[in-house]
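>>> Just the structure for this:
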Amino acid sequence: MNHQSERLLRVIDRFEEIDARLAVASDGAEIIRLSKERAKLSPVAEAIAAVNAARSEKADLEDLIDSLPASDEMALMAQDELPEVKEKLERLETELQILLLPRDEDDDASVILELRAGTGGDEAALFVGDLFRMYQRYAGIMGWKIEVESLSEGDAGGFKEIIATINGDGVFGKMKFESGVHRVQRVPATEAQGRVHTSAATVAVLPIPEETNIEVLDKDIRIDTYRSSGAGGQHVNKTDSAVRITHLPSGIVVTASEKSQHQNRANAMKNLIARLYEKEREEKDKARSDSRSSQVGSGDRSEKIRTYNFPQGRVSDHRINLTLYKLDDVLAGAGLGDFVTALIADDTAKKLAEAED
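Got it, this is the predicted structure:
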């Protein structure tokens, strides 16, 4: 028995064991834990059952063909059906193989989304505003909840920096490919001669761990309160309610400014733990290419992952060489899903290739 066959048997055995335990379980916490595990294993168990059924169907047709004269009507019908069954089996086996690929344990996590203006001054800040609204709309389409935790407004609009949380199912699995430098090519409103300018913004997506053993000691942090700055109106706090936490051992600094001081402190601590968790993820897997430093970069135009070209109405993702002439649709959130789907498919294909090597 090969390694994959053994793994499939273990999945089926565990799935059946969970069902048996759920049938007699009375403890609420155990029922929740088992139900979550069952939900994760269910797609694999169903795929295994589908593959086994297709294999049996193929074997039955081949036996029928071998046992009857070639001119027999039943044999002829079996010969007609066999190619279709073989094609179905191949598709089901590929789908099962994809389900068995190593999965990022944080794919189901909610995230902290950080956007910062890079090269381009006021125009970069305006672009951060465009990107944030794009993610807001995409989150709405996906049924996720997005909440701003800290922001610094641009002098001409948009944001120099904005930090938000996105809560929902499977957020990190879809949003993690957004990490990197995004650039925009367009004519700024202040450009009298109509020249196209290029500006950049950086995006970082950090998973919020459901459970972690990270402990933040009081002696390792410095907490400062301050009055958040803004362009005026409702965004200017009248009291020193904004919170900045500095983690002394790592030098990581987090802020929160949009709620009460108590809530800002809680949000800042949550963000700090998420950043320490991401640091731990990097240390566990040195092969990761999406470390925080490469996610955020310096905002320089040369470190681009995606370009939004307004004059031509196109968006290009340079990692997968995909260009779509639907800029408005992408910025409206709906078109962003096309890039997310393509990036996930590319990542899956790479993992399949590695598994076959």
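>>> Which residue ranges of this protein form helices?
3-24, 28-67, 73-99, 122-142, 171-175, 261-284, 292-296, 327-331, 336-356 (DSSP state H).
>>> average pLDDT for the fourth one?
For helix 122-142, the per-residue pLDDT values average out at 95.
>>> how far does that helix sit from the chain's center?
Mean-position distance between helix 122-142 and its chain equals 16 Å (Cα atoms, centre = their mean, to the nearest Å).
>>> cool, and the fifth one?
Chain-centre distance of helix 171-175: 2 Å, with Cα atoms, centre = their mean.
>>> what packs against it?
Counting contacts by 3 or more Cβ pairs under 8 Å, 6 or more residues apart in numbering; DSSP states H and E, helix 171-175 packs against strand 110-117, helix 122-142, strand 197-208, helix 336-356. Quick note: C-beta positions are derived from backbone N, CA and C, even for glycine.
>>> Need the residues that contact the shortest one.
With contact meaning Cβ atoms under 8 Å, 6 or more residues apart in numbering, strand 110-117 is reached by 124-125, 127-128, 131-132, 135, 146, 149, 154, 158-168, 171-172, 175-176, 199, 201-208, 270-271, 274, 296, 299.
>>> one more time with 6 Å, if that's ok
With Cβ atoms under 6 Å, 6 or more residues apart in numbering as the contact definition, strand 110-117 has outside contacts at 124-125, 128, 131-132, 160-167, 171-172, 175, 201-208, 271, 274.
>>> Also stretch 59-74?
Contacts for stretch 59-74 (Cβ under 6 Å, 6+ apart): 75, 78-79, 81-82.
>>> Drop anything exposed from these.
75, 78, 82 (16 or more other Cβ atoms under 10 Å).
>>> Let me have the residues you listed in JSON lines, adding distance to residue 14 and pLDDT as columns.
As requested, those are exported to JSON lines (distance: Cβ to Cβ, whole Å; pLDDT from 0 to 100):
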{"residue": "75", "distance to residue 14": "41", "pLDDT": "88"}
{"residue": "78", "distance to residue 14": "36", "pLDDT": "91"}
{"residue": "82", "distance to residue 14": "34", "pLDDT": "94"}
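>>> just for the stretch 1-150 of the chain, where's the confidence low?
Low-confidence segments of the stretch 1-150 of the chain, defined by pLDDT under 70: 1-4.
>>> returning to what we had before: by neighbour count, sort out the buried ones in the contacts of strand 110-117.
124-125, 128, 131-132, 160-166, 171-172, 175, 201-208, 271, 274.
>>> Dump the contacts of stretch 59-74 to JSON lines, plus distance to residue 278.
Converted to JSON lines, the contacts of stretch 59-74 look like this (distance: Cβ to Cβ, whole Å):
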{"residue": "75", "distance to residue 278": "61"}
{"residue": "78", "distance to residue 278": "56"}
{"residue": "79", "distance to residue 278": "57"}
{"residue": "81", "distance to residue 278": "52"}
{"residue": "82", "distance to residue 278": "51"}
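>>> can you count the residues close to residue 140?
12 (other Cβ atoms under 10 Å).
>>> Name the nearest residue to it, ignoring sequence neighbours.
residue 333 (6.8 Å; Cβ to Cβ, 6 or more residues apart in numbering).
>>> Identify the residues contacting the one you found.
Contacts of residue 333 (Cβ under 6 Å, 6+ apart): 134, 137-138, 141.
>>> Please give the number of neighbouring residues around the closest residue in space to residue 323 that isn't next to it in sequence.
Spatially, and ignoring its direct neighbours in sequence, residue 323 is nearest to residue 316 (4.3 Å; Cβ to Cβ, 6+ apart). When neighbours are defined as other Cβ under 10 Å, residue 316 has 19 of them.
>>> Please look at residue 316 and residue 325 and confirm they touch.
No - if you go by Cβ atoms under 6 Å, residue 316 and residue 325 don't touch, sitting 9.9 Å apart.
>>> what pLDDT, on average, does stretch 324-332 get?
For stretch 324-332, mean pLDDT rounds to 96.
>>> what about it, distance to the chain center?
On Cα atoms, centre = their mean, the centre of stretch 324-332 falls 20 Å from that of its chain.
>>> Return the set of buried residues in that stretch.
For stretch 324-332, by 16+ other Cβ under 10 Å, it's 324, 327, 329-331.
>>> and these as TSV, adding distance to residue 308?
Putting the buried residues of stretch 324-332 into TSV (distance: Cβ to Cβ, whole Å) gives the following:
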residue	distance to residue 308
324	11
327	6
329	12
330	7
331	8
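>>> Looking at the residues you listed, which is nearest residue 109?
Nearest to residue 109 out of the buried residues of stretch 324-332 is residue 330 (Cβ to Cβ; 24.5 Å).
>>> Enumerate every residue touching that closest one.
315, 336.
>>> ok, now how distant is it from residue 131?
10 Å (Cβ to Cβ, to the nearest Å).
>>> and the residue nearest to residue 323, what pLDDT?
96.
>>> Equivalent analysis for residue 290, please.
Residue 290 is given a pLDDT of 44.
>>> likewise residue 217?
Listed pLDDT for residue 217 reads 84.
>>> which residues sit in contact with the nearest residue to residue 89 once chain neighbours are set aside?
Spatial nearest neighbour of residue 89, chain neighbours left out: residue 54 (4.2 Å); criterion: Cβ to Cβ, 6+ apart. Shown in contact with residue 54 (Cβ under 6 Å, 6+ apart): 88-89, 92.
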